[in-house]
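> quick one, structure for this:
(2 chains)
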Number of protein chains: 2
Amino acid sequence: MLRNDSQQRFKLKRRETAMLIFIGLGLYDERDISVKGLDAIRAADLVYAEFYTSRLMGAALETLEAFYGRRVHLLSRKQVEVDPAWMEDARDKDVAFLVGGDAMVSTTHLDLRLRAARMGIRTRVIHSSSIVTAVSGLCGLQNYRFGRSTTIPFPYVSRGKRIIAQTPYEVLTENLDRNLHTMLFLDIQIDSTERYMTVNEGVSLLMEMEDISGGKRLDGALAIGIARAGSDGATVKADLLARLQGFDFGGPLHILIVPARLHFMEAQALAVLAGAPEDALKCVD
Amino acid sequence: MLRNDSQQRFKLKRRETAMLIFIGLGLYDERDISVKGLDAIRAADLVYAEFYTSRLMGAALETLEAFYGRRVHLLSRKQVEVDPAWMEDARDKDVAFLVGGDAMVSTTHLDLRLRAARMGIRTRVIHSSSIVTAVSGLCGLQNYRFGRSTTIPFPYVSRGKRIIAQTPYEVLTENLDRNLHTMLFLDIQIDSTERYMTVNEGVSLLMEMEDISGGKRLDGALAIGIARAGSDGATVKADLLARLQGFDFGGPLHILIVPARLHFMEAQALAVLAGAPEDALKCVD
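Numbers count the residues shown, from 1 in each chain, chains lettered A, B, ... in the order given. All right, here's what the predicted structure looks like:
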């Protein structure tokens, strides 16, 4: 029923002109896509996806293909960033390009969209749920109180020396100075092997950054870890940062939040929705 | 097909326990909801909605009801904030509570969820697209470079004096000091009459705030107005703030963005995706 509907809707468009449609798949599994996005996939001539900037942990490629009733061509990083020859298809066909979360949040996708514009290819974006707003919903911190967000990258070794980026700690302390919450995205590496940073690793790295900087901002600080946002089995846990180091969040994806001073309702929400123990909630405004 | 599927899926749950399900409807019309959300509405025993904190401009209540195949009970502000007697239904039934955009971003919804917890009612959140991340996708500004967001409220008259909140201007200048973009939500009033603040009104109010503060931050500043995000007829326009005052964005909802200094790719994106004239893009990093 959906299928006929959507085909009719999109066929009309196709007569006018072909286009490249960026479609967000949402947070977790194949059912987090919007009805609009699903219609567009089913009506598209070709369906591509990239899952290295983000990915759906709750649905394998085969699950997606079965749900859409369409073959999905998975693109490598090289095919997206260096040699996107597949984009040529969008000159005379409707091409769907699928990404995890909301579409176009990543620089990589923006770069593709600008490239399409230079090639004279029309583009369209179909939005979906994103961890950026889901965080507020899951733990109760108010969305407007978040400052700039940042990503904790995996450390790497250069000339025998372990290199840790200090940026996440700097962004965090800047936000704390302004009494703003910080969302810390945790690194994803999907190349030869898949690595998803856990809340535990993120916390350890943050503490290492503080050691290096000589700061004391994390002593007694509250933090929130969230795992598998958007799934029925999401884990949301607030506690002292140091204590989260030992908490088992289960499988990926994880995200870490370090709040500023809490409003009353936020503190209440963290107790109810994130099991924050009383002794971790002392710094309420 | 969707319906049977979802009913089966949710009937299983219902045997365990009833719950209150917060469902985001997404950005613009009835097809922006997730497949998961649609399934949940169709399987719910009762469906409520509130459209005073946000609303879908692309679908009337009747359109939603026809699309879901369900009666939707529209709640007033009083029924949501003062006397939510309807919540009692969730003690032994699956109750869907619909809101525009992503669910649970508003304090009002958080308050309801905490109230449900105190009543011993289980809750669940089904996420959807939100203007917060759609903005990045539509105009190309990088999501992680946004500072705290703020809302420009309609001025009001108190004892014969016109009162304008200065907070939006203060948040904006704080963000500019840290070289961060600012998202300025524009007021919505849905009481006896409906009023949606336009980009033009928002710009005028910002300039009035600057006059009052004696600042000069908006002279020659770039800004972006977005109207009807998520629809096929979205308008995205970047220009000098002062020039946006005269630009026709068409119908609601509108949002205003004042960027910090632009990265090269952001400037390029604003030219391509938002028609920014060259003379407005001079302050590139």
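> switch to C-alpha atoms for all contacts and neighbour counts from now on
Will do.
> now the strands for the stretch 101-250 of chain A?
For the stretch 101-250 of chain A, the strands defined by DSSP state E, counting those that start in this stretch cover A:122-126, A:150-152, A:156-158, A:161-163, A:182-186, A:188-190, A:194-196, A:222-227, A:235-240.
> paired strands for the fifth one, with orientation please.
It refers to strand A:182-186. As defined by DSSP bridges, the strand partners of strand A:182-186 come to strand A:150-152 (parallel), strand A:254-258 (antiparallel).
> which one of those is the most hemmed in?
The highest average neighbour count among the strands paired with strand A:182-186, using mean count of other C-alpha atoms under 10 Å in any protein chain shown, belongs to strand A:254-258 at a mean of 25.
> next helix or strand past it?
Of the helices and strands lying after strand A:254-258 in sequence (DSSP states H and E), the nearest is helix A:264-274.
> list the buried residues of that next one.
For helix A:264-274, a neighbour-count test (16 or more other C-alpha atoms under 10 Å in any protein chain shown) marks A:Met265, A:Glu266, A:Ala267, A:Gln268, A:Ala269, A:Leu270, A:Ala271, A:Val272, A:Leu273, A:Ala274 as buried.
> angle of it against strand A:235-240?
When axes from the mean of the first three to the mean of the last three C-alpha atoms, to 10 degrees is applied, the directions of helix A:264-274 and strand A:235-240 differ by 120 degrees.
> any idea of the angle helix A:264-274 forms with strand B:122-126?
Using the same axes, to 10 degrees, the inter-axis angle of helix A:264-274 relative to strand B:122-126 is 100 degrees.
> can you list contacts of helix A:264-274?
A:138-142, A:224, A:236-238, A:276-278, A:281, A:284-285, B:110-111, B:114, B:117 (C-alpha atoms under 8 Å, 6 or more residues apart in numbering or on different chains).
> any idea which of the strands of the stretch 101-250 of chain A is most buried?
Between the strands of the stretch 101-250 of chain A, the one whose residues have the most neighbours on average, counting mean count of other C-alpha under 10 Å, is strand A:222-227 (a mean of 24).
> any idea how far it is from the chain center?
Using C-alpha atoms, centre = their mean, to the nearest Å, the distance from the centre of strand A:222-227 to the centre of the chain it belongs to is 15 Å.
> now stretch A:194-212
The answer for stretch A:194-212 is 18 Å, by C-alpha atoms, centre = their mean.
> give me the residues contacting that stretch.
By C-alpha under 8 Å, 6+ apart, the surrounding residues in contact with stretch A:194-212 are A:152, A:154, A:164-166, A:168-169, A:186-189, A:216-218, A:225-226, A:241-242, A:244-247, A:249, A:252-256.
> okay, buried residues for that stretch please.
Residues of stretch A:194-212 classed as buried: A:196-207, A:209-210 (neighbour count, 16+ other C-alpha under 10 Å).
> now stretch A:231-251
Going by neighbour count (16+ other C-alpha under 10 Å), the buried part of stretch A:231-251 is A:231, A:234-242, A:244-245, A:249.
> specify the local secondary structure of A:Phe51.
Local secondary structure at A:Phe51 is given as coil here, using DSSP: H, G, I helix; E, B strand; the rest coil.
> so what's it up against?
When the contact criterion is C-alpha under 8 Å, 6+ apart, the partners of A:Phe51 are A:Leu74, A:Leu75, A:Val99, A:Gly100.
> so where's chain A uncertain?
Scanning chain A for pLDDT under 70 picks out A:1-16, A:283-285.
> dump the residue contacts of A:Ser136.
If a contact means C-alpha under 8 Å, 6+ apart, then A:Ser136 has A:Gln142, A:Asn143, B:Met104, B:Val105 as its contacts.
> what sits against A:Asp29?
Taking C-alpha under 8 Å, 6+ apart, one finds A:Leu56, A:Met57, A:Gly58, A:Ala59, A:Ser231 in contact with A:Asp29.
> typo on my end, it should be A:Asp232
So, once contact is read as C-alpha under 8 Å, 6+ apart, A:Asp232 ends up touching nothing.
> what does the stretch 51-200 of chain A put close to chain B?
If contacts are counted using C-alpha under 8 Å from any C-alpha of the partner chain, the residues of the stretch 51-200 of chain A sitting beside chain B are A:102-107, A:110-111, A:114, A:117, A:125-130, A:132-134, A:136-138, A:140, A:142-150, A:180.
> quick revisit: and the contacts of helix A:264-274, which of them are in helices?
Helix and strand membership here follows DSSP state H; of these, those in helices are A:Leu138, A:Cys139, B:Leu110, B:Asp111, B:Leu114, B:Ala117.
> make CSV from these and add neighbour count to it.
Output for these, formatted as CSV (neighbours: other C-alpha atoms under 10 Å in any protein chain shown):
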residue, neighbour count
A:Leu138, 26
A:Cys139, 26
B:Leu110, 23
B:Asp111, 19
B:Leu114, 19
B:Ala117, 15
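> present those as JSON lines; the columns should include distance to B:Ile41.
Formatted as JSON lines, the entries for the ones in helices among the contacts of helix A:264-274 read as follows, by distance: C-alpha to C-alpha, whole Å:
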{"residue": "A:Leu138", "distance to B:Ile41": "20"}
{"residue": "A:Cys139", "distance to B:Ile41": "23"}
{"residue": "B:Leu110", "distance to B:Ile41": "20"}
{"residue": "B:Asp111", "distance to B:Ile41": "22"}
{"residue": "B:Leu114", "distance to B:Ile41": "22"}
{"residue": "B:Ala117", "distance to B:Ile41": "21"}
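> with the residues you listed in mind, which one is nearest to A:Ala40?
For A:Ala40, the closest of those turns out to be A:Leu138, at 29.0 Å, with distances computed as C-alpha to C-alpha.
> my guess is the closest one meets A:Val236, correct?
Yes - here A:Leu138 lies in contact with A:Val236, judged by C-alpha atoms under 8 Å, at a distance of 7.2 Å.
> before we move on, the earlier item: turn the buried residues of stretch A:194-212 into CSV, including distance to A:Tyr68.
Shown next, in CSV, are the buried residues of stretch A:194-212 (distance: C-alpha to C-alpha, whole Å):
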residue, distance to A:Tyr68
A:Tyr196, 27
A:Met197, 30
A:Thr198, 31
A:Val199, 33
A:Asn200, 36
A:Glu201, 36
A:Gly202, 35
A:Val203, 38
A:Ser204, 40
A:Leu205, 40
A:Leu206, 41
A:Met207, 44
A:Met209, 44
A:Glu210, 47
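> can you tell me which of the buried residues of stretch A:231-251 is nearest chain B?
The shortest distance between chain B and any of those, using C-alpha to the nearest C-alpha, involves A:Ser231 and amounts to 8.9 Å.
> ok, for the closest one, nearest residue in space, not its chain neighbours?
Leaving aside its sequence neighbours, A:Ser231 sits nearest to A:Tyr28 (C-alpha to C-alpha, 6 or more residues apart in numbering or on different chains; 5.9 Å).
> same deal with A:Leu176?
If the residues on either side of it in the chain are set aside, A:Leu176 comes closest to A:Ala260, at 5.6 Å by C-alpha to C-alpha, 6+ apart.
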